[in-house]
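> My questions are about this predicted structure, shown below with the sequence.
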Amino acid sequence: MDIKSGIDPLYEKNKQAHASVQTLRELFDDWYTTDLCSRLKHPTIPKRIFDKEIAPALGHRKVHDVTPLDVRAVIRKVAASGRPTIANDTLMYLKQLFRHSIKLGLRSENPAAAFSVGDAGGVEASRERYLSEREIQDAFSVFRKHLDSFGRDNYLACCLFLVLAVRKSELCQAKWHEFDLDNATWHLPKERSKSKTAISIPLPTQAVSWLKALRETSFGSEYVFPARRASSRPHMGPDTLNRAISKLFGQEPGKKVQPPNVMGNVMHFTVHDLRRTFRSLAAASGVPSHVAERCLNHKLKGVEGIYDRYDYFDERKAAHQLIADRLAPYIQPSPT
């Protein structure tokens, strides 16, 4: 009877099954539990974007009431805060979220579909930024002068990123049980490695001393960098360090009155640029390319990557120590 009347019974059954999904927040929760958690390695990334950038403006709105103008307002606000990458991510997740609403029969069109990265953060050029040794000296000098506001943990994190060349999430979410400080080794498990392979990272002597100092003030936390403020996560947040660095450059997202730029002639940089700096310094110091690439936990390419299973631990240990010794006069923190 329904089919004769032009009604798709399967569509109606699916629609009734998701009748509890009314608001955009409820739509996201359904998407998160039924799709993202099973499909993505880090489903908390789109969740963080939704909670911070989308939910405040649209979370309470009915799914069928959201218009393209609402979408434009959200992505423009993020782009205006000086975070083009986050603006592009926000648009991407809005498109995916409304595609999910179409699957549930809650909408017949996607209000974010007409927008491109040009309407959000723009086309993102590949970054080539790395710091010269003079910039490292100047930047860390500023860090020390403003240690009360910049933070001791942030300072030591920058030191570690510079000499270990690991990825941001790998260090910010590191747990103490991964470290063998007596043998100066960090065993990074494959579950937390972007390359999805476990790797043992040799620690230069300076890094061991910094980690011992951090352990003394971690107050029994299982994390090397525990959250220092009330937060839904127990460890340092993914944006914490970049925000602290940007603030010294006079760039504080969400603030109408910006702080002064105290970084002098140093160009703006991010945490990932410290990783690129290590690679540049390694090349300048004569570290062989294949060893430097393994220091970055990159897989070797081509035939070499297929047949070369040697992990270059001793060679990487020498490379990390070489860079740490080279930079120690610039970055070694004072005893206090």
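Arrived safely.
> Could you chop this protein up by domain?
9-119, 133-331 (automatic domain parsing).
> Dump those to CSV, plus mean neighbour count.
The C-beta positions use only the backbone N, C-alpha and C, and glycine is treated the same way. Shown next, in CSV, are the domains of the chain (neighbours: other C-beta atoms under 10 Å):
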stretch, mean neighbour count
domain 9-119, 16
domain 133-331, 17
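> Now render those as TSV, adding distance to residue 127.
Shown next, in TSV, are the domains of the chain (distance: least, C-beta to C-beta, whole Å):
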stretch	distance to residue 127
domain 9-119	10
domain 133-331	7
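> I'd like those domains written out as CSV, with mean pLDDT added.
CSV is the format used below for these (pLDDT from 0 to 100):
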stretch, mean pLDDT
domain 9-119, 90
domain 133-331, 91
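> Next up, the contacts around residue 120.
75, 78-79, 84, 87-88, 90-91 (C-beta atoms under 8 Å, 6 or more residues apart in numbering).
> nope, residue 265 is what I meant
residue 138.
> Check residue 197 too.
By C-beta under 8 Å, 6+ apart, the residues touching residue 197 are 190, 297, 299.
> my guess is the second one meets residue 166, correct?
Pointing back at residue 297 there. Yes. Between residue 297 and residue 166 a contact is recorded at 7.3 Å, counting by C-beta atoms under 8 Å.
> Quickly list what's touching both of these two.
Shared contacts of residue 297 and residue 166, defined by C-beta under 8 Å, 6+ apart, are found at 188, 201.
> quick one: residue 228 from residue 219, how far?
Per C-beta to C-beta, to the nearest Å, residue 228 is found 10 Å from residue 219.
> Over to residue 45?
28 Å.
> ditto for residue 51
Using C-beta to C-beta, residue 51 is found at 27 Å from residue 219.
> Next, the contact list for the nearest residue to residue 179 once chain neighbours are set aside, please.
Distances taken as C-beta to C-beta, 6 or more residues apart in numbering place residue 186 nearest to residue 179, at 5.3 Å, with adjacent residues excluded. Residue 186 is in contact with 164, 174, 178-180, 200-201, 203, counting by C-beta under 8 Å, 6+ apart.
> Those residues into CSV, with extra columns for distance to residue 267?
Shown next, in CSV, are those (distance: C-beta to C-beta, whole Å):
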residue, distance to residue 267
164, 23
174, 28
178, 33
179, 33
180, 37
200, 34
201, 29
203, 29
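> Which two of those have the greatest separation?
In the contacts of residue 186, two members sit farther apart than any others by C-beta to C-beta. They are 164 and 180, at 14.7 Å.
> just to confirm, which helix or strand has residue 200 in it?
If you go by DSSP states H and E, residue 200 is part of strand 199-202.
> what's that strand packed up against?
Strand 199-202 is packed against strand 185-188, helix 313-331, with contacts defined by 3 or more C-beta pairs under 8 Å, 6 or more residues apart in numbering; DSSP states H and E.
> Just tell me which of the ones you listed ends up closest to residue 137.
Nearest to residue 137, of all the helices and strands packed on strand 199-202, is helix 313-331, at 4.2 Å by C-beta to C-beta.
> what helices or strands is the helix or strand containing residue 38 leaning on?
Here residue 38, judged by DSSP H and E, is contained in helix 37-39. If you count contacts as 3+ C-beta pairs under 8 Å, 6+ apart, helix 37-39 packs onto no helix or strand.
> Mind giving me the packing neighbours of the next helix or strand after it?
Note on helix 37-39: by DSSP H and E, the next helix or strand toward the C-terminus is helix 44-49. Packing contacts for helix 44-49, counted by 3+ C-beta pairs under 8 Å, 6+ apart, involve helix 84-103.
> Alpha carbons of the helix it packs on, as PDB, please.
Extracted in PDB, the C-alpha atoms of helix 84-103 (Å, rounded to 0.1, in the frame of the first residue of the first chain):
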ATOM      1  CA  PRO A  84      43.200  28.500   8.300                       C
ATOM      2  CA  THR A  85      43.900  24.800   8.800                       C
ATOM      3  CA  ILE A  86      41.300  24.500  11.500                       C
ATOM      4  CA  ALA A  87      38.800  26.400   9.200                       C
ATOM      5  CA  ASN A  88      39.400  23.900   6.400                       C
ATOM      6  CA  ASP A  89      39.000  21.000   8.900                       C
ATOM      7  CA  THR A  90      35.800  22.500  10.200                       C
ATOM      8  CA  LEU A  91      34.300  22.700   6.700                       C
ATOM      9  CA  MET A  92      35.400  19.200   5.900                       C
ATOM     10  CA  TYR A  93      33.700  17.800   9.000                       C
ATOM     11  CA  LEU A  94      30.600  19.800   8.400                       C
ATOM     12  CA  LYS A  95      30.300  18.300   4.900                       C
ATOM     13  CA  GLN A  96      30.800  14.800   6.300                       C
ATOM     14  CA  LEU A  97      28.400  15.400   9.100                       C
ATOM     15  CA  PHE A  98      25.600  16.500   6.800                       C
ATOM     16  CA  ARG A  99      26.300  13.600   4.500                       C
ATOM     17  CA  HIS A 100      25.500  11.400   7.500                       C
ATOM     18  CA  SER A 101      22.200  13.300   8.000                       C
ATOM     19  CA  ILE A 102      21.300  12.400   4.400                       C
ATOM     20  CA  LYS A 103      22.000   8.800   5.100                       C
END
